[in-house]
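Undergrad: Need a 3D model of the sequence below.
(4 chains)
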2 protein chains.
Amino acid sequence: MARPRKEQELDIPRRAVEETIRLLTQQGDFGVPLTAVAQAVGCTAPALYGHFRNKNALLRAARDEGFGRLYNEKFAVFEQMRGDPLGYLRDGSYAYARFALENPTLYRLMFSPPPKLGVSDDPWSSEAGRQVLSLLLTGLRSSQEHGYLPGADLQRYGFMFWSTIHGAVSLNIQDRLLDHAAKWDSTQSVIDALMEIIAATGPAKHPITS
Amino acid sequence: MARPRKEQELDIPRRAVEETIRLLTQQGDFGVPLTAVAQAVGCTAPALYGHFRNKNALLRAARDEGFGRLYNEKFAVFEQMRGDPLGYLRDGSYAYARFALENPTLYRLMFSPPPKLGVSDDPWSSEAGRQVLSLLLTGLRSSQEHGYLPGADLQRYGFMFWSTIHGAVSLNIQDRLLDHAAKWDSTQSVIDALMEIIAATGPAKHPITS
DNA sequence: ACCTCAAACTTAATATCATTCAGTTCTCGG
DNA sequence: CCGAGAACTGAATGATATTAAGTTTGAGGT
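TA: Numbers count the residues shown, from 1 in each chain, chains lettered A, B, ... in the order given. Modelled structure (predicted):
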C-alpha cells in the first residue's frame, strides 16, 4: 500500500497540528517525536514532510493555532463586555491567564519558543501575538475614554500590563511545586492588584485624595 | 592514551559548565551537542558522564551557575545602595534586566527550562530563584520602612514586581526583530513606570493629591 | 475501457546525537 | 615494584529527524 484510497483520506495538515498540540500537552514538552505525531494521525513520519517543510514548521503551525485559540477566547470576552472597559481588562486578563495555566506547554511554545524554530522568519507568528496585544490596547484606550489612566502613554502601559500578566503566568507555570489552584490564585492576585491600580486612577468612588 | 597525566589534568566539572554556557550563548539554543562541550573542554563526550549523570544534569549545573551570577550582580548593587531602598529597587531591577538581555539564552534556561530537565527534582534550583526574590523582598520591606507602599502586602507586591520585570525581559528577549538598544529602552521604560508607581505611594515631594 | 503521469504515501537508508560498554593507562597505597 | 581503582578513550547501541527510492491510486486524455 502506498497512496491511500479516497475513502480513507485524512486531512493530514489539520490533524497533525491537532495531534501535535495534544501530544505536546500530554508530554509537557516540545520533544514530541514526529513518529508519535504520525502514528496519532494515522500515517508515517515521512508523510508529514509533504505538508510541512520539517518538524519546526509543524511546531510553528501548532504555535499559530495556539495564538488563534487564545485570540478567540479573548475576543469572546471582548464582545461580551462592550461598554465596560475595566470589566473587559479584568475578564480578558482572566481569560488570558486561564488559557496559559490550562495549556502551559502550548503557552510556552507560543511565548518561549526555542530559537531554532525560526519563529521570526515568518511575519505571521509575531503578528498573531500583536493581535492579542491590540485587543489589550483597545481595552486600555476604551478605559482611558472612560476617565481612567488620564494622560497615560497607552503603548507604554499596554506593554507593562501585558508584561505583568505574562510574567505572572510564566513564573507560575514554571513552578512545578504549586498545584493548579495555587497557581490560579497567585495569578488572579496579580491581575486584581493591577486592576486596583488602574481603578485608582479613575473617577474615584472612594476618592484617594488625602 | 586513556587516563590523562597529572600535568594535563583539567577541572572538567567547572570547565564543562563554563563552556556549556559559552556555547549556549553562542548558539542561542539549548541544543548544544555534548560532543561540542567535550571538545571545548578538551575531552570526549563520555568523559563528562563521570561528572554529570547526563546532559540534563549538565544543563542544570549551568542553570545554577546562571542563578549564582545573577545573584552576585544583584547583591553587588544591593550593597552599593544601602540606605536608598528605592534606588536599590531601581538599580537592582536594571541589573536584573541587563543580565537577562545580555544573556538571553542563559536566562531562558533559568526561567523557561524544558520540563525534561527535571528541574524541580532537586530543591536547590528553585531555591536559587528564591534567593533572588528574597533580595527583592528585602528592598521592598526597606522601602516600606521609608514610607512607601504603606500597608501593602509585600509578598503579593513582590511577586507582582518580579512578574512585571520578568515579563518585560521575556517578551523583549523573544522579539527577534528588535535590536539590543530597543529592547533595553523598552525594558527600562517598564522599570521606570514601576518605580513611578511606587514612588507615588510614598512621602511625596510633589504631592499627587488633586 | 485503457494508458500515462503526477500525487501521496510507504519502506529503506543516512546522519546526528545521547548514552552505555569494554577496554586502556595512570596514580597511589602498600 | 605491584595490584587496584580512578579517569578516560574508542567503539557499540538506540532514538530521531530527514532524505531517497519505490509503489499504488486517481484523473484526464484517447
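Undergrad: Only C-alpha atoms from now on, for both contacts and neighbour counts.
TA: Will do.
Undergrad: So which residues make contact with stretch A:144-161?
TA: Contacts to stretch A:144-161, defined as C-alpha atoms under 8 Å, 6 or more residues apart in numbering or on different chains, come from residues A:85, A:133, A:136-137, A:140-141, A:143, A:194, A:198-199, A:201-203, B:164, B:168, B:189-190.
Undergrad: Now the buried members of those.
TA: Among the contacts of stretch A:144-161, those classed as buried by 16 or more other C-alpha atoms under 10 Å in any protein chain shown are A:85, A:133, A:136-137, A:140-141, A:143, A:194, A:198-199, A:202, B:164, B:168, B:189-190.
Undergrad: near DNA strand D too, which of those residues?
TA: For DNA strand D, no contacts are drawn from these by C-alpha under 7 Å from any atom of the strand.
Undergrad: quick one: which of these is nearest to DNA strand C?
TA: Taking C-alpha to the nearest atom of the strand as the measure, DNA strand C sits nearest to residue B:168 out of the buried ones among the contacts of stretch A:144-161, at 30.4 Å.
Undergrad: ok, now how distant is the closest one from residue B:57?
TA: Computed as C-alpha to C-alpha, to the nearest Å, the residue B:168 to residue B:57 distance reads 29 Å.
Undergrad: ditto for residue A:24
TA: Counting by C-alpha to C-alpha, the separation of residue A:24 from residue B:57 is 23 Å.
Undergrad: Between those two, tell me which one has more neighbours.
TA: Per other C-alpha atoms under 10 Å in any protein chain shown, whichever of residue A:24 and residue B:57 has more neighbours is residue A:24, with 22 against 16.
Undergrad: looking just at contacts, which helices and strands does the helix or strand hosting the more buried one meet?
TA: Using DSSP states H and E, residue A:24 sits in helix A:12-27. Here helix A:12-27 touches helix A:34-41, helix A:45-48, helix A:55-80, helix A:104-111, going by 3 or more C-alpha pairs under 8 Å, 6 or more residues apart in numbering or on different chains; DSSP states H and E.
Undergrad: wait, which of these is closest to DNA strand C?
TA: Comparing the helices and strands packed on helix A:12-27 under C-alpha to the nearest atom of the strand, the one sitting nearest is helix A:45-48, at 3.9 Å.
Undergrad: Tell me the gap between that closest one and the middle of its chain.
TA: Computed by C-alpha atoms, centre = their mean, to the nearest Å, the chain-centroid distance of helix A:45-48 equals 28 Å.
Undergrad: Helix, strand or coil: sort out residue A:160 for me.
TA: Following DSSP: H, G, I helix; E, B strand; the rest coil, the label given to residue A:160 is helix.
Undergrad: So what's the residue count around residue A:33?
TA: 12.
Undergrad: Now for it: which residues touch it?
TA: Residue A:33 neighbours (C-alpha under 8 Å, 6+ apart): none.
Undergrad: Any regions of chain A where pLDDT drops low?
TA: For chain A, the stretches flagged by pLDDT under 70 are A:1, A:3, A:5-9, A:121-126, A:204-210.
Undergrad: make it 90
TA: The model of chain A has pLDDT under 90 over residues A:1-11, A:118-133, A:175-177, A:201-210.
Undergrad: Next one: residue A:44 from DNA strand D, what distance?
TA: Here the distance between residue A:44 and DNA strand D works out to 9 Å (C-alpha to the nearest atom of the strand, to the nearest Å).
Undergrad: For that residue, grab the count of nearby residues.
TA: Using other C-alpha under 10 Å: residue A:44 sits among 15 other residues.
Undergrad: List phi and psi for it.
TA: Residue A:44 adopts backbone torsions of phi -100, psi 160, taken as degrees, to the nearest 10.
Undergrad: Leaving aside the residues adjacent along the chain, what's closest to it?
TA: Of all residues not flanking residue A:44 in the chain, residue A:38 sits nearest, at 5.1 Å (C-alpha to C-alpha, 6 or more residues apart in numbering or on different chains).
Undergrad: One more: residue A:93?
TA: residue A:191 (7.0 Å).
Undergrad: quick one: contacts for that neighbour?
TA: Residue A:191 touches A:90, A:93, A:94, A:165, counting by C-alpha under 8 Å, 6+ apart.
Undergrad: Before I go, just wanted to say thanks for your time.
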